[in-house]
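Q: Below: sequence and its predicted model.
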Amino acid sequence: MDFSFSEEEQLIRETTAEFLKRYLEPVADSIDTNEKIPESFLMAAGSHGIISPLIDTLYGGSKLSFMDAAIISEEIAKVDTSMATSVYYLLNTSWAYILQKYGNNFIKSKILPDIAIGKKFIGIASTEASGGSDVAAIKTSGEIKDGKIIINGEKAYISGGIEAKNNGGGHLTLVKTDKNGGHKGITMVYVPADSPGIEMYKINNMGRMGISTCIIRYNNVEIPEENIIGKVNKGFYYAMDGFNHARILVAAACNGLSDSILEKGLNYIKQRSAFGKKLEEFQGVSFKFSELKTELEMSKLLTYKAAYLADTDSNDLYIYSAMSKFKAPQIALDIVKNVMMWFGAYSYSTEAGLEKSARGIFSYLVGAEGALNIMNLIISKAFMGL
Ligand SMILES: Cc1cc2nc3c(=O)[nH]c(=O)nc-3n(C[C@H](O)[C@H](O)[C@H](O)COP(=O)(O)OP(=O)(O)OC[C@H]3O[C@@H](n4cnc5c(N)ncnc54)[C@H](O)[C@@H]3O)c2cc1C
């Protein structure tokens with residue numbers, strides 16, 4: 001067992017960090033307040049090959065590994081600690097990966113080159129207002145007729161709706177093509193956000209303000225059959241494959257954010273004094289630091305293992321990606337909370353730059369890329385055969 005990164009992986013971390021210092025750091029603070037990731041950054045990240053790095057060179061991508069993608073995810077979240085840029089990145093990366101893996105040549109050639117260069121966005125539209133965890137219970141319908149699939153229904157809490165509409169792009173959308181088929185009656189379709197018949201409403205969120213979350217309503221939306229991903233009625237499996245991969249990048253982003261915030265906390269407790277001592281000299285503070293640092297290290301190792309399993313196409317990937325998604329956001333929130341307490345009253349001001357991280361992290365506790373109990377369900381089923 002070798003715990004070191006390869007030279008190439010180290011180089012990717014270093015060059016990504018340098019790129020982000022130049023292009024993301026100057027705008028990072030404005031992303032939460034302006035509720036927008038600057039297009040100039042997305043295009044620059046595209047030309048640097050890191051906005052959707054798993055895309056094949058055939059489509060203008062960098063064809064990096066999952067470990068590389070996880071490293072990039074960490075680095076992005078270290079810089080934009082609101083989580084918004086990480087979310088944009090990880091959706092674009094994992095769902096382009098699914099389109100590339102299961103889509104036909106026509107749709108791949110049409111969509112992937114623009115995603116690779118940062119021009120277009122791709123996300124997932126699975127959840128409906130009646131529930132997100134039970135994917136098999138979705139109601140949005142897809143009727144295949146005369147070379148088209150006609151979509152009716154409504155999706156909720158869909159990330160990147162406005163970005164796909166404004167920048168171009170769309171969502172891999174799950175629709176029921178066999179209403180009695182349960183999870184075997186679901187088809188995945190690439191639906192461009194500007195398709196006639198789509199209505200979109202932005203939800204007012206509490207965090208990760210730089211990327212929208214939307215209600216998407218489909219009124220007889222006609223999509224060419226070529227946009228169906230893979231086989232009809234197999235969409236559930238493609239979506240689960242996508243979630244298994246996306247969760248690694250979520251965990252990596254949480255770890256990156258944790259790294260950045262814990263370092264900020266360490267710098268603070270080294271210089272702030274109370275009762276004539278530096279805060280770091282109080283064991284109530286220093287022991288908490290060591291506990292959090294250890295938890296973060298555990299979370300990183302788990303996430304790297306999941307990335308390794310993705311790169312080696314392991315059957316155990318779904319278990320470890322669920323484990324990493326289960327742990328990393330909880331550890332991240334604990335780190336943000338404790339660093340806020342070390343900062344005292346200052347942390348409660350937006351100027352301290354900590355509260356936006358707490359708001360961003362919460363999205364991964366309440367549901368995004370699967371609720372925590374669903375991670376528990378996956379893990380317990382795997383080991384208990386329930
Ligand atoms: C910021 C944000 C962005 C999102 N972006 C997207 C997106 O881009 N695309 C998309 O499709 N969806 C998106 N979602 C939705 C997300 O996928 C759902 O929140 C998630 O699947 C959970 O669904 P739900 O919120 O309807 O909760 P529910 O499914 O109603 O679950 C509610 C609670 O019950 C628990 N629960 C449910 N079933 C069980 C069970 N069997 N055992 C134990 N506990 C259970 C859950 O853990 C949860 O705590 C986003 C959500 C958020 C918050």
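A: Good, I have the coordinates. Residues are numbered from 1 along each chain as shown.

Q: who in the stretch 1-150 of the chain is up against the ligand?
A: 123, 124, 125, 126, 127, 131, 132, 133 (CB under 6 Å from any ligand atom). For the C-beta atoms, the positions are set from N, CA and C on the backbone; glycine is no exception.

Q: Show the buried residues in the residues you listed.
A: The neighbour count (16 or more other CB atoms under 10 Å) marks 123, 124, 125, 126, 127, 132 as buried among those.

Q: and which of those residues is nearest the ligand?
A: Set against the ligand, the nearest of those by CB to the nearest ligand atom is residue 132 (2.4 Å).

Q: quick one: contacts for the closest one?
A: 126, 156, 157, 367, 371 (CB atoms under 8 Å, 6 or more residues apart in numbering).

Q: thought the first one was touching residue 135?
A: I take that to be residue 126. Yes - taking CB atoms under 8 Å as the definition, residue 126 is a contact partner of residue 135 at 5.8 Å.

Q: where do the contact lists of those two overlap?
A: 174, 239.

Q: quick one: stretch 356-370 to chain centroid distance?
A: Between the centre of stretch 356-370 and the centre of its chain there are 10 Å (CA atoms, centre = their mean, to the nearest Å).

Q: Show me which positions of that stretch end up buried.
A: With the criterion 16+ other CB under 10 Å, stretch 356-370 contains buried residues 356, 357, 358, 359, 360, 361, 362, 363, 364, 368, 369, 370.

Q: quick revisit: tell me the one of the residues of the stretch 1-150 of the chain next to the ligand nearest residue 226?
A: Using CB to CB, residue 125 comes nearest to residue 226 of these, at 18.3 Å.

Q: Look up the residues forming beta bridges with that closest one.
A: residue 173 (DSSP bridges).

Q: Contacts only, for it.
A: 155, 158, 171, 172, 173, 174, 191, 216 are the contacts of residue 125 under CB under 8 Å, 6+ apart.

Q: show me the residues around residue 202 that make contact.
A: Going by CB under 8 Å, 6+ apart, residue 202 touches 161, 162, 212, 213, 214.

Q: how many neighbours does residue 5 have?
A: For residue 5, the tally of surrounding residues (other CB atoms under 10 Å) stands at 15.

Q: Residue 35 too?
A: Around residue 35 there are 16 residues (other CB under 10 Å).

Q: Can you list phi and psi of it for me?
A: phi 50, psi 40 (degrees, to the nearest 10).

Q: where does the stretch 251-386 of the chain come near the ligand, residue by residue?
A: Close to the ligand, as judged by CB under 6 Å from any ligand atom, the stretch 251-386 of the chain has residues 363, 366, 367, 368, 370, 371, 372, 373, 374, 377.

Q: Return the member of the residues of the stretch 1-150 of the chain next to the ligand nearest to residue 17.
A: Nearest to residue 17 among those, with distances taken as CB to CB, is residue 123, at 25.9 Å.

Q: Verify the stated contact: that closest one with residue 167.
A: No - the criterion here is CB under 8 Å, and residue 123 misses it with residue 167 at 11.7 Å.

Q: Of the contacts of residue 132, which belong to strands?
A: 156, 157 (DSSP state E).

Q: before we move on, the earlier item: output the buried ones among the residues of the stretch 1-150 of the chain next to the ligand as a markdown table; include the columns distance to residue 26 and pLDDT.
A: A markdown table is the format used below for those (distance: CB to CB, whole Å; pLDDT from 0 to 100):
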| residue | distance to residue 26 | pLDDT |
| --- | --- | --- |
| 123 | 26 | 98 |
| 124 | 30 | 98 |
| 125 | 33 | 98 |
| 126 | 35 | 98 |
| 127 | 34 | 98 |
| 132 | 36 | 93 |
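
Q: Need the residues you listed in JSON lines (columns: distance to residue 86).
A: Formatted as JSON lines, these follow (distance: CB to CB, whole Å):
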{"residue": "123", "distance to residue 86": "14"}
{"residue": "124", "distance to residue 86": "16"}
{"residue": "125", "distance to residue 86": "20"}
{"residue": "126", "distance to residue 86": "20"}
{"residue": "127", "distance to residue 86": "19"}
{"residue": "132", "distance to residue 86": "20"}
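
Q: Verify the contact between residue 296 and residue 262 for me.
A: Yes - taking CB under 8 Å as the definition, residue 296 is a contact partner of residue 262 at 6.4 Å.
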